[in-house]
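[1] Would you be able to build a 3D model of this:
(one chain, ligands or ions: 1)
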Amino acid sequence: MHIETIKIENLRNIANAELSPHKKINIIVGCNGAGKTTLLESIYLLARARTFRQQKTGRLIREGEEQLSLFTSFQTATNNRHHIGLRKTVSGTVIRKDGKNLKKRSDLAKSIPLSIITPNIQRIIEDDPNNRRRLLNWGMFHVEHEYAYLANRYKKTLIQRNNALRGSREQIKVWDRQLIQLGNEIDRRMSRYTKIWNDTLNALIDVTGLIKPISLEVKQGWKEELSFAEAIDRNSKIDKERGFTSCGPHRSDLKILQDGKPIKNIFSRGEAKIAAVIMLLSQTKILEDRTGESPVLLVDDLHSELDNERYAHLLKLIEEMKVQSFATTLDSDRSKNLLSADACQWFHVEHGDISFLY
Ligand SMILES: Nc1ncnc2c1ncn2[C@@H]1O[C@H](COP(=O)(O)OP(=O)(O)OP(=O)(O)O)[C@@H](O)[C@H]1O
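    Predicted coordinates:
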């Protein structure tokens, strides 16, 4: 899929902007604080109805204004054209797709598959399991048939079981059966997806030659020597005392290893960033291969932590993929001669004004 138009009104320092991006690569150049990340944020908001910025970043609506509006029209791989509009005021957010109000944020999620490479993407490898689980879920949500439905049923059953932990053993048992059945199915699908992910990842690592092969494995959310049913049984006393379910796929993680050792203990920050970027790109490749649809890729400051040679390799890799990408940069000289002119469009951002360069 690709975005054909983006209109922005009153998002942070961008008062008014309209863009017709390139189907392949869009490079957004500008100084610190110019509004480059805000432009990426507008696309993320249209696709997910929330921001990707993790730190406290104040209000989205431009200072002195009462509402922000965003609009995009995009085309799918099957040549269907859709429109999404988002309006945010202090009293709430309204999202419309093809002229109809969307009630839930989740209704939006499948419309524009979106991936983002943040400046500190290596934290996927370094931090707690939440980000790794999110990445795994992203891949499964877009590729594994019925995964969203399964994951939703599992989540609801987990809530019911946690509530039942305050009641009798019989009440808990009713939910145990369903949780074990759904949990085993999710775990099986996670392993299947991760195997494909591992193979695609290592094929891309091989193409770039930037790091040695790594392996991805699912770390199941309970003791490896036990079945899920046995783990639920063993933990039943402690779960009742604590009031929540302490094992299951909601506690699973990804093992990212090189020669059997976790890469977070051996890789430098730059190497971890390379690994994380290729992990994410391999997920977009799987999506393309399996569904024929490619996500939109947002790339915020790919330079940071990378030397010129490695930066060039990764940018080339992005160019060779089918995705439409939007990449910010402070320094246009580092990217200028790396990309073929017909695959690329440049925009300049200054004090929130976006202009087409070439
Ligand atoms: N609600 C708001 N109203 C007006 N301006 C805002 C608002 N929120 C943030 N800003 C300003 O918008 C600017 C845009 O920041 P943005 O993060 O998009 O810059 P950037 O070009 O990505 O910079 P960098 O290269 O430093 O990451 C910042 O100067 C910020 O202070």
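[2] Met140: how many residues sit nearby?
    Residues near Met140, counting by other CB atoms under 10 Å, number 22. Heads up, the C-betas are built off the backbone N, CA and C, glycines and all.
[3] So it lies in a helix, does it not?
    Yes - secondary structure assignment places Met140 in a helix (DSSP: H, G, I helix; E, B strand; the rest coil).
[4] Wait, it touches Tyr147, no?
    Yes - when contacts are counted by CB atoms under 8 Å, Met140 is listed as touching Tyr147 (4.5 Å).
[5] Give me the common contacts of these two.
    Overlap between the neighbourhoods of Met140 and Tyr147 consists of Arg189, taking contacts as CB atoms under 8 Å, 6 or more residues apart in numbering.
[6] how far away is the residue nearest the centre of the chain from the ligand?
    In the chain, the C-alpha closest to the average C-alpha coordinate belongs to Ser115, at a distance of 4.4 Å (CA atoms, centre = their mean). Applying CB to the nearest ligand atom, to the nearest Å, the value for Ser115 to the ligand is 18 Å.
[7] what about that residue, which SS state?
    strand.
[8] ok, what's across the strand from it?
    Beta bridges link Ser115 to Leu297 when assigned by DSSP bridges.
[9] Give me the pLDDT for the closest residue to Leu314 other than its chain neighbours.
    Taking CB to CB, 6 or more residues apart in numbering, and ignoring the residues beside it in sequence, Leu314 has Val277 as its nearest neighbour in space, at 5.6 Å. On the pLDDT scale, Val277 is placed at 97.
[10] What about Val277, how many residues nearby?
    Counted with other CB under 10 Å, the burial measure for Val277 works out to 24 neighbours.
[11] burial of Phe244, as a residue count?
    Counted with other CB under 10 Å, the neighbours of Phe244 add up to 12.
[12] interface residues of this structure facing the ligand?
    Residues of the chain found near the ligand (CB under 6 Å from any ligand atom) are 12-13, 30, 32-38, 58-59, 61-63, 328, 330.
[13] Buried among those? Need that as a selection in ChimeraX.
    Typed into ChimeraX, the next command selects the buried ones out of these (criterion: 16 or more other CB atoms under 10 Å):
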select :12,30,34,35,36,37,38,61,62,328
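[14] Strands - which of the residues of the chain next to the ligand land there?
    Counting by DSSP state E, the members of the residues of the chain next to the ligand that fall within strands are Thr328.
[15] Just the ones of the residues of the chain next to the ligand in helices?
    36-38 (DSSP state H).
[16] which residues does Asn202 contact?
    Contact analysis of Asn202 by CB under 8 Å, 6+ apart lists 213-215.
[17] Could you rerun that using 10 Å?
    The neighbours of Asn202, taking CB atoms under 10 Å, 6 or more residues apart in numbering as the test, are 212-216, 278, 282.
[18] what does Glu320 give?
    Taking CB under 10 Å, 6+ apart as the contact definition, Glu320 lies against 204, 207, 281, 343.
[19] distance of the first one from Leu287?
    By that I understand Leu204. Using CB to CB, to the nearest Å, one obtains 14 Å as the distance from Leu204 to Leu287.
[20] The two: who's more crowded?
    Neighbour tally, Leu204 and Leu287, criterion other CB under 10 Å: the higher count belongs to Leu287, 21 against 18.
[21] Quick check: the more buried one touching Leu280?
    No - using CB atoms under 10 Å, Leu287 and Leu280 do not qualify as a contacting pair, with a distance of 11.0 Å.
[22] For the two, list the residues in contact with both.
    Residues touching both Leu287 and Leu280 (CB under 10 Å, 6+ apart): 115, 138-139, 295.
[23] filter those to the buried ones?
    By neighbour count, with 16+ other CB under 10 Å, the shared contacts of Leu287 and Leu280 hold 115, 138-139, 295 as buried.
[24] Farthest-apart pair in these, please.
    Every pair in those was compared (CB to CB); the two farthest apart turn out to be Gly139 and Pro295, at 10.6 Å.
[25] Next, show the common contact partners of the two.
    Taking CB under 10 Å, 6+ apart as the criterion, Gly139 and Pro295 both touch 115, 280, 283-284, 287.
[26] Using TSV, lay out those together with distance to Ala231, secondary structure and pLDDT.
    Shown next, in TSV, are those (distance: CB to CB, whole Å; DSSP: H, G, I helix; E, B strand; the rest coil; pLDDT from 0 to 100):
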residue	distance to Ala231	secondary structure	pLDDT
Ser115	33	strand	94
Leu280	31	helix	97
Gln283	28	helix	97
Thr284	34	helix	95
Leu287	32	helix	94
